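K.L.:
no FASTA, just this:
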């Protein structure tokens, strides 16, 4: 299973902060995102934002990233801390 | 008269912190410095340092500067504050 | 020292810790505060969310990176989370070093990182019951770019 | 606020003054301390001399210049003179602004200026009865050059 987290405005838009997805063959962050977008139109729209950020196992992923069973993947809007 | 001040290591080398010089015709900081150097060999050497700084009426002069009666001219080594 | 906390912090206490070593010649501190106005909207309160676990990991990594890049003697990062009021302190970065250049550069680098990469999100309350998530500023991303550009040029 | 004084200063007091306005979003402070070692020599005390009259005039001018260049909300400069002990505070620069970039740039500019143009001189005591005037660091002059270069390019 892959643990998927959403934060801030994205979590509010999706109405969910966490979900578990079964681990497919050769998964990566791009295919995971495509699967999430395929859930419905609302998800597709929310996850289409240009500046969506992805972290794999609590480290920012700047390009597509291979995944394995047990990984934690987080999606969130650009950060606004400091 | 021109009031001349010396600070820090330069004052220590010259053994004097302040003097008054009569105001010559068309004085400027270069001619003033030449007059001071002409006092003796010791002064000549002390005032020959490459990085000598000059302030006229409490403002740094970055090039030769015309003077008039009553001006305050200060000579000092590079500053080391902060 | 790295700390993500809901409690407030005290500048003097953090400063006194940073200047303990006898060879410290420069201390630079940055404090970020809740302003009463952001992008023309008046603000009455702020809520800060973070990604627990990742935040601490990210901050630890960036402090290590900063220590490799600059010759610094001590570094403190405190970021608050939860609900904050107007003029409250949000974030503190303090750097101690031998000379000022390292402290300034490192402190600014840490802040650029915190603004663009560390997983914190601000929700501004503009009146009771009405709040919105703050959008990232393009200028913040440009600020971080200057450091990575520098890195790339140095390599 | 500009102050040349023999008395010590308190960071928290200065910080609290700087953050009084409700639109302050960023406060950057710099504190310079007496280090126990300079250029390989161990130091036991420091005496700071200045050019009374010119110092205050020069600092007032540079603060005006900084305010024209950056959009800042408050600026404090404190420079101590007289005899200082190890780890004593020498200088404080604090800048408050809406956004961090202005506060960082302005604070660093003020310090570069103080190191290269303001008439202060340090005499280091390396053991009782033995002291020498500190030489200006070439790197300090280069630091100020970057600001004038920037000015020239902008014109």
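P.N.:
Arrived safely, thanks for sending. Just so it is clear, the model here is predicted, and its values are computed rather than measured.

K.L.:
List the residues that contact residue A:72.
P.N.:
A:2-3, A:5, A:56-58 (CB atoms under 8 Å, 6 or more residues apart in numbering or on different chains). Where C-beta positions appear, they are placed from N, C-alpha and C, glycine not excepted.

K.L.:
any idea how far it is from residue A:54?
P.N.:
Distance from residue A:72 to residue A:54, counting by CB to CB, to the nearest Å: 11 Å.

K.L.:
before we move on, what about residue C:64?
P.N.:
Computed with CB to CB, the distance linking residue C:64 and residue A:54 is 22 Å.

K.L.:
who's more crowded, these two?
P.N.:
Per other CB atoms under 10 Å in any protein chain shown, whichever of residue C:64 and residue A:54 has more neighbours is residue A:54, with 19 against 11.

K.L.:
which among the contacts of residue A:72 end up buried?
P.N.:
Neighbour-count burial (16 or more other CB atoms under 10 Å in any protein chain shown) applied to these gives A:2, A:5, A:56-58.

K.L.:
Also within reach of chain C: list those from those.
P.N.:
With CB under 8 Å from any CB of the partner chain as the criterion, the members of the buried ones among the contacts of residue A:72 in contact with chain C are A:5, A:58.

K.L.:
Specify which member of the buried ones among the contacts of residue A:72 is nearest to chain C.
P.N.:
Proximity to chain C was ranked across the buried ones among the contacts of residue A:72 by CB to the nearest CB; first place goes to residue A:58, at 3.7 Å.

K.L.:
Once you drop chain neighbours, what's closest to the closest one?
P.N.:
Excluding its sequence neighbours, the residue lying closest to residue A:58 (CB to CB, 6 or more residues apart in numbering or on different chains) is residue C:54, at 3.7 Å.

K.L.:
cool, and residue C:43?
P.N.:
Using CB to CB, 6+ apart, the nearest residue to residue C:43 is residue C:124, at 5.0 Å.

K.L.:
Can you give me the neighbour number for residue 25?
P.N.:
Let's take chain A. Residues near residue A:25, counting by other CB under 10 Å: 5.

K.L.:
my bad, chain C
P.N.:
Residue C:25 has 24 nearby residues by other CB under 10 Å.

K.L.:
Confirm residue C:104 sits in a helix?
P.N.:
Yes: assigned with DSSP: H, G, I helix; E, B strand; the rest coil, residue C:104 falls within a helix.

K.L.:
thinking again about what came up before, mind checking pLDDT for the residue nearest to residue C:43?
P.N.:
pLDDT recorded at residue C:124 is 91.

K.L.:
Residue C:43 now?
P.N.:
Reported pLDDT for residue C:43: 82.

K.L.:
Residue C:126 is in contact with residue C:42, correct?
P.N.:
Yes: contact criterion CB atoms under 8 Å: residue C:42 and residue C:126 qualify, at 6.4 Å.

K.L.:
contacting residues for residue 14?
P.N.:
Picked chain A for this. Contacts of residue A:14 by CB under 8 Å, 6+ apart are A:6, A:42-43, A:46.

K.L.:
wrong one, I was asking about chain C
P.N.:
Contacts of residue C:14 (CB under 8 Å, 6+ apart): C:29, C:76, C:78, C:92, C:94.

K.L.:
can you rerun that using 10 Å?
P.N.:
If you count contacts by CB atoms under 10 Å, 6 or more residues apart in numbering or on different chains, residue C:14 has them with C:1, C:3, C:27, C:29, C:31, C:76, C:78, C:92-94, D:11.

K.L.:
and if you look at residue A:26?
P.N.:
A:66-68.

K.L.:
Just name the closest of these to chain C, please.
P.N.:
residue A:67 (16.2 Å).

K.L.:
quick one: the helices in chain A?
P.N.:
A:8-14, A:29-37, A:41-46 (DSSP state H).

K.L.:
residues of the first one that come out buried?
P.N.:
Just to be clear, that refers to helix A:8-14. Residues of helix A:8-14 classed as buried: A:8-11, A:13-14 (neighbour count, 16+ other CB under 10 Å).

K.L.:
Would you pull up the residue in chain A closest to chain B?
P.N.:
Distances between chain A and chain B by CB to the nearest CB are smallest at residue A:82, namely 27.6 Å.

K.L.:
Could you list the low-confidence segments of the chain?
P.N.:
As the question left the chain open, I've gone with chain A. For chain A, no stretch is flagged by pLDDT under 70.

K.L.:
Chain C, not that one
P.N.:
C:39, C:138-139, C:141, C:145, C:148-155.

K.L.:
show me where it has helices.
P.N.:
Going by DSSP H, chain C shows helices at C:11-18, C:54-69, C:100-116, C:138-154.

K.L.:
so of those, which one's packed in deepest?
P.N.:
helix C:100-116 (a mean of 24; mean count of other CB atoms under 10 Å in any protein chain shown).

K.L.:
And for residue 80, the neighbour number?
P.N.:
Reading this off chain A. 22.

K.L.:
wrong chain, I was asking about chain C
P.N.:
By other CB under 10 Å, 25 other residues sit near residue C:80.

K.L.:
same question, residue C:71
P.N.:
By other CB under 10 Å, the residues close to residue C:71 number 13.

K.L.:
What separation is there between whatever residue of chain C ends up closest to chain B and chain A?
P.N.:
Relative to chain B, the nearest point of chain C is residue C:100 (7.6 Å; CB to the nearest CB). Separation of residue C:100 from chain A (CB to the nearest CB, to the nearest Å) stands at 22 Å.

K.L.:
I figured that residue hits residue D:35, correct?
P.N.:
No: between residue C:100 and residue D:35 there is no contact under CB atoms under 10 Å: 11.8 Å.

K.L.:
Point to the residue nearest the middle of chain C.
P.N.:
residue C:111 (4.3 Å; CA atoms, centre = their mean).

K.L.:
Please name the residues that touch that one.
P.N.:
A:81-82, C:30, C:32, C:77, C:91, C:93, C:140, C:143-144, D:26, D:28, D:100-101, D:103-104.

K.L.:
Could you work out the most separated pair of the residues you listed?
P.N.:
Greatest spacing in the contacts of residue C:111, by CB to CB: C:77 and D:101 (18.8 Å).

K.L.:
Now list the buried members of the contacts of residue A:26.
P.N.:
residue A:67.

K.L.:
Take the contacts of residue A:26 and write them to JSON lines, including distance to chain B.
P.N.:
Converted to JSON lines, these look like this (distance: CB to the nearest CB, whole Å):
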{"residue": "A:66", "distance to chain B": "52"}
{"residue": "A:67", "distance to chain B": "52"}
{"residue": "A:68", "distance to chain B": "54"}
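
K.L.:
Can you lay out the contacts of residue A:26 as a markdown table showing distance to residue C:69?
P.N.:
Compiled in a markdown table, the contacts of residue A:26 are given as follows (distance: CB to CB, whole Å):
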| residue | distance to residue C:69 |
| --- | --- |
| A:66 | 29 |
| A:67 | 31 |
| A:68 | 32 |
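
K.L.:
on that earlier part again, okay but the residue nearest to residue A:58 is in contact with residue A:55, surely?
P.N.:
Yes: the pair residue C:54 / residue A:55 is scored as a contact, 6.0 Å apart, by CB under 10 Å.

K.L.:
what sits in contact with each of the two?
P.N.:
Residues touching both residue C:54 and residue A:55 (CB under 10 Å, 6+ apart): A:5, A:7, A:72, A:74, A:76, C:119.
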